[in-house]
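> my questions are about this predicted structure, shown below with the sequence.
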2 protein chains.
Amino acid sequence: MSNYQSIVEKNKETYLQELIDLLKFPSISADPAYKVDVMSCAQFVSDKMNALGLDKVEIISTKGYPVVYGEKIIDPSKPTILAYGHYDVQPADPIELWTSPPFEPVIKDGKIFARGSADDKGQFYMHFKALEILLSENKLNCNVKCIIEGEEEIGSEHLEEFVNTYKDKLKADCIVISDTSMISNEHPSITTGLRGLAYMEVEVTGPNRDLHSGVYGGAVGNPINTLCKMIASLQDENGTITIPHFYDKILEVSAEERAAMSKAPFDMTEYKKHLDIDEVFGEKEYSVLERVSIRPTLDVNGIWGGYIGEGAKTVLPSKAFAKISMRLVPNQDYNEISKLFEAHFKSIAPKYVKVKVTPHHGGEPAVTPTESNAYKAAEKAVEITYGKTPIPLRTGGSIPIVTMFKRVLGIDTVLLGFGLDTDAIHSPNEHYHVWNYLKGIETLCCFYEEMGR
Amino acid sequence: MSNYQSIVEKNKETYLQELIDLLKFPSISADPAYKVDVMSCAQFVSDKMNALGLDKVEIISTKGYPVVYGEKIIDPSKPTILAYGHYDVQPADPIELWTSPPFEPVIKDGKIFARGSADDKGQFYMHFKALEILLSENKLNCNVKCIIEGEEEIGSEHLEEFVNTYKDKLKADCIVISDTSMISNEHPSITTGLRGLAYMEVEVTGPNRDLHSGVYGGAVGNPINTLCKMIASLQDENGTITIPHFYDKILEVSAEERAAMSKAPFDMTEYKKHLDIDEVFGEKEYSVLERVSIRPTLDVNGIWGGYIGEGAKTVLPSKAFAKISMRLVPNQDYNEISKLFEAHFKSIAPKYVKVKVTPHHGGEPAVTPTESNAYKAAEKAVEITYGKTPIPLRTGGSIPIVTMFKRVLGIDTVLLGFGLDTDAIHSPNEHYHVWNYLKGIETLCCFYEEMGR
């Protein structure tokens, strides 16, 4: 057993208890009702930074929720690593599907169940514990800066302004983020590409008030039927998106890269069984792993309108709504895609309805380099603790800030995450495996050590 | 001023106050939370029957909400009229759009605002007041039986069983129902046809749990996108329904009848302005009045799925739901249409989803005769009080019990309603004009008097 491994083993109860305390904050940034909880969570994070031995710890205000900052400068001539994470979490709905309350963490079958356990509290907190170990063992041989923000789940709305303001303070050689998954614990991987995101909210209005469907049905355009028709027309049967110019700027992935990707293990039977589906969906000319990583998508994330209570109500409603998001790939620009969507969606609206389109936050797709020192250190660290060279992998989620960091600070990111795709992040019963949490702490010790060599 | 008119004028404050008391009960049959209120409302109706002088008043149990019965048998050799109404009301959602609380009736601009004011409390209560006048004036010259049920808004689920059980008790020469509208107070009309209804609830399931749309989007069928595609395919651009055999049994309306209908006044500009729409919708080969009366329809009455809270959540949901209803015309059978819908809806589901279809209540379309004594008495009564011969009119709503009464009891119905299409029934701010309420009482006095001649 390595030194780091035995330290982690010895202290694991404390590490778990601290994470449980962190997970108790319902720090839901999307819902203003939780404002106080988000702020208390920021305070908790700052206290923990102080406790582990970081300097200049500060809760830095933004126009939204604050960023918690802390640093340890060992030697200015040594490399500096900027670690990023977020203390805010997704809403917990649908709450009734949770088997235990989302903000009362429980450990069951080797997993910590709580909203935010994997995304991202359990992951950024591994850095805190790794740095604590390195400092107490006198092994920290590089400079470290930490920023833990509170608006990731609402699109990091004020982070760019923050980064711009504190450009000097944030100077670093590389950025490390633990907010992604590995293929499996047997097949460790490092994320090297992330899709971008354009997220739209649409409102379709028919008549100026809810009507009796018997009295008006057949002659007055129903906004729900109409919204369904409009959404249906956005994709063909193959899943191909019909918005004009949607695919224009996409960078083709080379045959070599596709061949490398095709080596990642994938078991179709397991995949379908795990999700309880009879068939997968999407573009026939791409594999499942390609569909969720190098191809853009269009998913309705929410829809509502009319009577949704118990029983039957014969209403022809005035309005229908949907939240529609598109995952983007290099080099799609989310602002441009948002505009293309808006123009197209309005153009397909029949004259008997009025349409409003509101873009939510978006994010650019990103590809991270595999030749950097940081990538190599991450690779080495995983080799040490997992005993296997990690597979470089492009995945489907979005961390919009990766491109922003590159653009504003000129710094590349390494995405060294320890989650699993089955962690149910953004879903009921989100969880993080205790094994992965502890293995992550150990691996990050090695990573920071490698960076200081 | 006629005798009836002056009696109504003299007592109008009392008549309005009693209606207001009746409207205070939130007797929402669709929502089990209001069970006690529905039962209290039945008691109130029964008390009022006793007060007005009916005999054998009884709250008769069914497997659902009870039917309130009362009668006045003057002379068994005279005609017997069975008056039907319902004391239950639609749910009040969306509650936030009401300008005054739905169960705190207020009179404003000559209208009584409250849920149920027009549908149907304000209308059946006119019969109570008319009978009270006739009895006190010693003018009742026919036999009267009243049944006021509590499940009309949930499809009169147990009424057929009730009617079967009490066949003898309910023997009558005609049925009169005030639960419909007139074209306008200047163009009085009597409804001679009603559309039927098939009401379905559908559930589309994709993956077995909510997923992160970034991790799975593009390869896992999204149940909302899929539901939208399925709903979109149920109608073509002209509004024509694509369910196979849907139109097979429809009885063509004769050119003569269509010509007669086309004489009803209709102002397209006013219609569009009133609803704030730029264009109407539907089958080009039929007029607006035809589309809402002699043609079947398919409207989504409610839809929901995924994240519908504030902000953005990138979920690929497990399930999506919709409530879909079809208005039917003679001789479409709602059971058959429900089955056609279910079979078709399941057949169009792609393999990556599972579909559940649950039929709610339905009702047969009905056409009521214009040659009956009852129709002639109604026509005469309207001529007396409105000074104009009423136009016989087929309309869009459904009163499924009309066909049931004909089938089980063999009795025809006359639909003598006093509402207006603008009363916002089933919508926020439902109201009933005071003028119509009082004119209705007066007209019904004349109707019963005519029936006794």
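In hand now; what should we look at?

> quick one: the helices in chain A?
Under the criterion DSSP state H, helices of chain A are mapped to A:3-23, A:35-52, A:121-136, A:159-165, A:213-216, A:223-232, A:255-261, A:268-275, A:288-291, A:334-347, A:373-386, A:401-409, A:434-451.

> from chain B, how far off is the residue lying closest to A:Ile73 once chain neighbours are set aside?
Residue nearest to A:Ile73 in three dimensions, not counting chain neighbours: A:Asn143, with 4.8 Å by CB to CB, 6 or more residues apart in numbering or on different chains. The C-beta positions use only the backbone N, C-alpha and C, and glycine is treated the same way. Counting by CB to the nearest CB, to the nearest Å, the separation of A:Asn143 from chain B is 32 Å.

> go ahead and confirm A:Asn143 touches A:Pro79.
Yes - if you go by CB atoms under 8 Å, A:Asn143 and A:Pro79 touch, sitting 7.0 Å apart.

> in terms of neighbours, single out the busier of those two.
A side-by-side neighbour count of A:Asn143 and A:Pro79, using other CB atoms under 10 Å in any protein chain shown, places A:Asn143 first with 22 against 19.

> OK, contacts around the nearest residue to A:Trp304 once chain neighbours are set aside?
Of all residues not flanking A:Trp304 in the chain, B:Ile308 sits nearest, at 4.4 Å (CB to CB, 6+ apart). The contact partners of B:Ile308, taken as CB atoms under 8 Å, 6 or more residues apart in numbering or on different chains, are A:302-304, A:321, A:323.

> most widely separated two among these?
Spatially, the most separated pair among the contacts of B:Ile308 is A:Trp304 and A:Lys323, at 9.1 Å (CB to CB).

> so which of the two has more stuff around it?
A:Lys323 (26 against 18).

> and the gap between the more buried one and chain B?
6 Å.

> distance check, that residue against B:Gly302.
Noted for A:Lys323: a distance of 17 Å to B:Gly302, by CB to CB, to the nearest Å.

> same check on A:Val408?
45 Å.

> okay, these two: which has more neighbours?
Neighbours were counted for A:Val408 and for B:Gly302 using other CB under 10 Å; B:Gly302 has more, 23 against 17.

> and the pLDDT for the more buried one?
As predicted, B:Gly302 sits at a pLDDT of 97.

> chain neighbours aside, what residue packs nearest to it?
A:Gly306 is the one closest to B:Gly302 (CB to CB, 6+ apart), at 3.7 Å.

> how about A:Tyr34?
Using CB to CB, 6+ apart, the nearest residue to A:Tyr34 is A:Ile28, at 4.3 Å.

> and what of A:Cys174?
Per CB to CB, 6+ apart, closest to A:Cys174 is A:Ala374, 3.6 Å.

> what about that neighbour, how many neighbours?
24.

> what of A:Asp55?
10.

> from memory it sits against A:Tyr69, does it?
No - taking contacts as CB under 8 Å, A:Asp55 lies outside contact range of A:Tyr69: 10.3 Å.

> give me the low-pLDDT residue ranges for chain A?
Along chain A, the model assigns pLDDT under 70 to residues A:1, A:396-398.
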